[in-house]
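J.: sharing a sequence plus its predicted fold:
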Amino acid sequence: MQRNELHKHIISSAGELFYSQGYNSTGVNEIIKKCDIAKATLYSHFKSKEDICIAYLNQRHSVFMDSFKSYVENRKGSRAKLLAIFDLLRDMYLEENFQGCWALKTLGELSPDQTNILTVIQQQKKELLLYLGEIVGDTISNLSKAETEKISGGLYLLYESAVTESHLFKNDWPIFMAKSIAPSLFINAELA
């Protein structure tokens, strides 16, 4: 296996373990075993389990954002673009082994001194929030910055709660509920 392929293999294998059983419950030896590599090989790619986790979070976030942008681009009409995040979430929910947000799942396990991982998660959530703001700005005319932030922030909070609650209840009703509530955020807005 080429070095780049092996690097990706370690990230995806460790990521499967982090997502299914938790960051703290996954040991380095378990990652090594799942990857079928030597300990020296693992450490030639990553300095620590924390570095593997950060690479995993970055990989998942990148795939998520690419998918989300594709969903938005493929929607016709402003309303559909504004609600695209809930359609993406519904499709993610239908995937095998849906266990909620990989970032929030990791966040729930962090100790106060694990600030590197926390910073990565915060940056990723901010990126999502900013992108929602771009969608709102592109699809709703004549909004102030405060109104844009209020609508995009509302969409963000509805999305995040729908992710958590659909995992909690092992049901997709929270996704449908959030999607049905979301238009009330922009009911009086002038859609482009």
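T.: Thanks, I have the structure now. Residues are numbered from 1 along each chain as shown.
J.: just the helices in this protein please.
T.: 3-21, 28-35, 39-45, 49-73, 78-82, 84-94, 102-107, 115-139, 145-169, 173-181 (DSSP state H).
J.: looking at those, which is nearest to L191?
T.: Closest to L191 of the helices of the chain is helix 78-82 (C-beta to C-beta; 3.9 Å). To be clear about C-beta, it is placed using only N, CA and C from the backbone, and glycine gets the same treatment.
J.: list of residues touching that closest one?
T.: The contact list for helix 78-82 (C-beta atoms under 8 Å, 6 or more residues apart in numbering) reads 72, 75, 135-136, 138-140, 155, 182-183, 186, 191-192.
J.: using PyMOL, define a selection of the buried residues within those.
T.: Command for PyMOL, covering only those of those found buried under the criterion 16 or more other C-beta atoms under 10 Å:
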select buried, resi 72+75+135+136+139+140+155+182+186
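J.: nearest to A40, of the contacts of helix 78-82?
T.: Taking the contacts of helix 78-82 together and measuring to A40 by C-beta to C-beta, the closest member is V72, at 43.7 Å.
J.: that closest one contacts E134, doesn't it?
T.: No: using C-beta atoms under 8 Å as the test, V72 is too far from E134 to be in contact (9.2 Å).
J.: what's the neighbour count on L118?
T.: L118 sits with 15 neighbouring residues when counted by other C-beta atoms under 10 Å.
J.: returning to that earlier point: return the member of the contacts of helix 78-82 nearest to Y43.
T.: V72 (39.8 Å).
J.: check what pLDDT that closest one gets.
T.: pLDDT for V72: 97.
J.: spatially nearest residue to it, not counting backbone neighbours?
T.: Of all residues not flanking V72 in the chain, A84 sits nearest, at 4.7 Å (C-beta to C-beta, 6 or more residues apart in numbering).
J.: check what pLDDT that neighbour gets.
T.: 98.
J.: backbone phi and psi for the closest residue in space to H167 that isn't next to it in sequence, please?
T.: For H167, ignoring the flanking residues on the chain, the nearest one in space by C-beta to C-beta, 6+ apart is G100 at 3.3 Å. Main-chain dihedrals, G100, degrees, to the nearest 10: phi 90, psi -160.
J.: OK, contacts around G100?
T.: V163, T164, S166, H167, L168.
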